[in-house]
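Enquirer: sequence first, then the predicted structure, then my questions.
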Amino acid sequence: MKIQWLGHSCFAITLSDGRTIITDPHEGIGYPPLNKSADIVTVSHQHFDHNAVGAVSGGPEIVQSEGVHSLGGVAITGVPSFHDGQDGSQRGENLIFIIEVEGLRVCHLGDLGHVLDSMQIGAIGQVDVLMVPVGGFYTIDAVQAAEVVRQIGPKYILPMHYKTSYIDFPISGPDEFLAGYPDHRTLRVLEISAGSLPSEPQAVLLELA
């Protein structure tokens, strides 16, 4: 499995058979156009910077609801959560997705706005790769993100939804979060397999693909 960051909360997950899963596609927010084809697209919530499915070619299947979705050997589970810390009264609902394929479990938290409760932790289960928002304001901030990482206990931690030179959203960059992981790596592509996971949690800042 190869994972690339396409900006904001959008990742491309390429499987060994060549199929691609794209998370939370964006359009018109400052990042370069996606120009990507996919087989599956996940949408955590219906905000313009996360639901631009029209920006993805290839006629992908769209997953944007809670529950278990089985798509050609890929199992995707949507776990309900909120976009804010007031039970959705400010920004609505959010879906956490757990993608199970090739013996790996990848969790994309979407625009999570709160630390997790016990039911959500149980529903998420064991995680190999966690994509976690760290920029604050619209989502959890660096301190809350660190707590969510502790709650889940993933092997790889991929920050997302943070300030860069491409966007003017009032959010923070990744540095405060990454300060808690002094041994973090910066990569263009993260390549992993079920048999080569680190023994200790490892934070990886992915460069824009």
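Expert: Looks like it came in fine. Fair warning: this is a prediction, and the values are worked out from it, not measured in the lab. Numbering: from 1, shown residues only.
Enquirer: next SSE after the helix ranked longest in the chain?
Expert: Identified as the longest helix of the chain according to DSSP state H is helix 142-152. The element immediately downstream of helix 142-152 (helix or strand, assigned by DSSP states H and E) is strand 156-160.
Enquirer: what pairs with that next one, parallel or antiparallel?
Expert: strand 129-133 (parallel), strand 202-206 (parallel) (DSSP bridges).
Enquirer: give me the pLDDT for residue 176.
Expert: We have a pLDDT of 98 for residue 176.
Enquirer: pretty sure it is in contact with residue 146, am I right?
Expert: No: in this structure, residue 176 is not within contact of residue 146 by CB atoms under 8 Å, at 9.4 Å. In this view, the C-beta of every residue, glycine as well, is placed from N, C-alpha and C.
Enquirer: hmm, back to that, highest average neighbour count across the strands paired with strand 156-160?
Expert: strand 129-133 (a mean of 26; mean count of other CB atoms under 10 Å).
Enquirer: need the phi and psi values for residue 191.
Expert: Dihedral angles of residue 191 (phi, psi; degrees, to the nearest 10) stand at phi -110, psi 120.
Enquirer: any idea how many residues pack against it?
Expert: 10 (other CB atoms under 10 Å).
Enquirer: likewise for residue 47?
Expert: Neighbour tally, residue 47, other CB under 10 Å: 17.
Enquirer: and the residue located most distally from the centre of the chain, its phi and psi?
Expert: For the chain, the residue at maximal distance from the C-alpha centroid (CA atoms, centre = their mean) is residue 89, at 22.6 Å. Backbone geometry at residue 89, expressed as degrees, to the nearest 10, gives phi -70, psi -20.
Enquirer: in stretch 129-149, what's buried?
Expert: Buried residues in stretch 129-149, counting neighbours by 16 or more other CB atoms under 10 Å, are found at 129-136, 138-142, 144-146, 148-149.
Enquirer: and if you look at stretch 162-180?
Expert: Within stretch 162-180, the residues scored as buried using 16+ other CB under 10 Å are 162-163, 167, 169, 171-172, 174, 176-178.
Enquirer: keep only those of the residues you listed that are in helices.
Expert: Using DSSP H, these in helices are 176-178.
Enquirer: for residue 121, which non-adjacent residue is closest in space?
Expert: What sits nearest to residue 121 in space, not counting adjacent residues and going by CB to CB, 6 or more residues apart in numbering, is residue 151, at 5.5 Å.
Enquirer: right, and that neighbour touches residue 118 too?
Expert: No: the pair residue 151 / residue 118 is not scored as a contact, 9.3 Å apart, by CB under 8 Å.
Enquirer: so for those two, which residue has more residues nearby?
Expert: residue 151 (14 against 8).
Enquirer: which residues touch that one?
Expert: 115-116, 121 (CB atoms under 8 Å, 6 or more residues apart in numbering).
Enquirer: from those residues, which would you call buried?
Expert: Buried among these by 16+ other CB under 10 Å: 115-116.
Enquirer: tell me the one among the contacts of residue 151 nearest to residue 94.
Expert: Taking CB to CB as the measure, residue 116 is the one of the contacts of residue 151 closest to residue 94, at 11.7 Å.
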